[in-house]
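Peer 1: I need the structure of the sequence given here:
(one chain, ligands or ions: 2)
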Amino acid sequence: MRVLGIETSCDETAAAVLEVGEAGQAGRSDVVHSQVKLHALYGGVVPELASRDHLARVLPVVDEALRRADTALFEVDLFAVTRGPGLIGALLVGVQTAKALAWSAGRPLVGVNHLAGHAFAIQLGEGAAFPYVALVASGGHTALYDVTGPDAMEPLGHTLDDAAGEAFDKVGKMLGLEYPAGAAIDRLARDGDPKRYAFPRALRQRTSLDFSFSGLKTALLAHLSKHGVPKERELSDVCASFQEAVCDSLVTKAVRAAEARGRTRVALGGGVAANSRLRALLVERGRAAGLEVRLPAPSLCTDNGTMIALAGYYRFRRQGADSLSLNADASWRL
Ligand code: KG4
Ligand code: ZN
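Peer 2: Ligands and ions are numbered 1, 2, ... in the order given. Sure thing, here's the model as predicted:
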């Protein structure tokens, strides 16, 4: 079956065509228009600007995805679109576009949970046999899921305040780095000493599978008020020590979740999954705990249409199509 996936939940307008069936899947195209430059000036995503840019870009991005996949609109078998969670205005652009396209092509439509997209993205590379524990860490969300099969996942824990990516971006802003700052902190940290500063790790109690990053952010702010904004070697040390605190919290809870559920595999997803230290630490500690660690290619970590097409296919197979009265749901919980 040929699936068109559309993603507009935050600051990426994305569309992709995926050929998918019992035997596996093959990507035919994957087009992403990032709004990063548009929002950089404001140090974060401005919802109204995001909606307007999605509106201007969504049809050209869909056209380009179909063209690269050598696919006509009527050759699409299923239209999959992110229905939530995300920014309501941004989501509405994708949902209304997908509804119009599905109606005009006379083909089924399915609404997809954005976090399911991230949790299943690992299946697009070398794959991961079910069941596995998925750690999804992005700019808007940070959560752990027990993924037991296609379209079957149970939440195990989530952040009580900031998302991990949000912490990277806000700390980056304090350090004078451009939004989004995750990749820049990752780069700067490579030359730094992660043990130089012992920044706090929240909620370390054994039973908790939740996260919290607001205390860490406050600790950074206090550090900068006392010592000033660092430069050069010192900047690298602060970045490395901050990054270590985030990655330590994420990996500790991911390994704990796998052990609590008796799972032997753990997978990553979401924009923060592109972080080099997070990847290395999960491999190191996961393997030490006897777990198989699955890491998606960085291009599948950040928001894209291919993961939405795959999660849409899973959902369609299990629950059938949604009606054309489908609506966006900004706070859709699994
Ligand atoms: O999944 P994503 O593309 O969009 C959301 O759904 O939020 O994630 C974007 C987030 C941003 O906060 C960005 O700073 C972070 O992922 N990010 C990183 C890295 N690359 C992107 N964080 C840490 N290290 C990276 N290498
Ligand atoms: Zn995302």
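Peer 1: Where does pLDDT dip in the stretch 201-334 of the chain?
Peer 2: For the stretch 201-334 of the chain, no stretch has pLDDT under 70.
Peer 1: contacts for the particular helix or strand that has Val61 in it?
Peer 2: Under the criterion of DSSP states H and E, Val61 resides in helix 47-68. For helix 47-68, the external contacting residues (C-beta atoms under 8 Å, 6 or more residues apart in numbering) are 4, 6, 8, 10-11, 13-17, 28-33, 35, 38-39, 72-73, 76, 87-90, 92-94, 97, 101, 305. Heads up, the C-betas are built off the backbone N, CA and C, glycines and all.
Peer 1: do that again at 7 Å, thanks
Peer 2: Helix 47-68 is contacted by residues 4, 6, 8, 10-11, 13-17, 29, 31, 33, 35, 38-39, 73, 87, 89-90, 93-94, 97, 305 when judged by C-beta atoms under 7 Å, 6 or more residues apart in numbering.
Peer 1: what's near enough to touch the residue in the stretch 1-150 of the chain that ligand 2 sits nearest to?
Peer 2: Of the stretch 1-150 of the chain, the residue with the smallest distance to ligand 2, taken as C-beta to the ion, is Ser138 at 4.1 Å. By C-beta under 7 Å, 6+ apart, the residues touching Ser138 are His118, Ala163, Gly165, Gly270, Gly271, Val272.
Peer 1: Could I get the phi/psi values of it?
Peer 2: Phi and psi for Ser138, reported as degrees, to the nearest 10, are phi -140, psi -170.
Peer 1: How about Leu18?
Peer 2: Dihedral angles (degrees, to the nearest 10) for Leu18: phi -120, psi 130.
Peer 1: which residues does it contact?
Peer 2: Leu18 neighbours (C-beta under 7 Å, 6+ apart): Val3, Gly5, Gln25, Gly27, Arg28, Thr306, Ala309, Leu310.
Peer 1: Distance of it relative to Leu66?
Peer 2: 12 Å (C-beta to C-beta, to the nearest Å).
Peer 1: rewinding a little: and the contacts of helix 47-68, which are buried?
Peer 2: 4, 6, 8, 10-11, 13-17, 29, 31, 33, 35, 39, 87, 89-90, 93-94, 97, 305 (16 or more other C-beta atoms under 10 Å).
Peer 1: Go through these and flag which are in helices.
Peer 2: The helices, defined by DSSP state H, take in His39, Gly89, Ala90, Val93, Gly94, Thr97, Gly305 from those.
Peer 1: measure Ala129 to Leu310 for me?
Peer 2: 16 Å.
Peer 1: who's more crowded, those two?
Peer 2: Leu310 (27 against 10; other C-beta atoms under 10 Å).
Peer 1: Up against ligand 2, what does the stretch 201-334 of the chain have?
Peer 2: Asp303 (C-beta under 5 Å from the ion).
Peer 1: can you give me the helices in the stretch 201-334 of the chain?
Peer 2: Ranges of helices within the stretch 201-334 of the chain are 214-227, 232-261, 276-288, 298-301, 305-319, based on DSSP state H, counting those that start in this stretch.
Peer 1: Packed most tightly, which of those helices would that be?
Peer 2: helix 305-319 (a mean of 26; mean count of other C-beta atoms under 10 Å).
Peer 1: Run through who's touching that one.
Peer 2: Contacts to helix 305-319, defined as C-beta under 7 Å, 6+ apart, come from residues 1, 3-7, 14-16, 18, 20, 25, 27, 30, 65, 78, 80-82, 108, 110, 112, 116-118, 120-121, 123-124, 150-151, 300.
Peer 1: Count the residues that sit near the residue lying closest to Ala240 once chain neighbours are set aside.
Peer 2: Distance criterion C-beta to C-beta, 6 or more residues apart in numbering; nearest residue to Ala240, sequence neighbours excluded, is Gly192 at 3.1 Å. Using other C-beta under 10 Å, Gly192 has 23 neighbouring residues.
Peer 1: what's the spacing between Gly192 and Leu177?
Peer 2: 14 Å.
Peer 1: Stretch 7-25: end-to-end distance?
Peer 2: 19 Å (C-alpha to C-alpha, to the nearest Å).
Peer 1: Could you measure from the residue of the stretch 151-300 of the chain found nearest ligand 2 over to ligand 1?
Peer 2: Closest residue of the stretch 151-300 of the chain to ligand 2, C-beta to the ion: Gly270 (5.6 Å). Per C-beta to the nearest ligand atom, to the nearest Å, Gly270 is found 5 Å from ligand 1.
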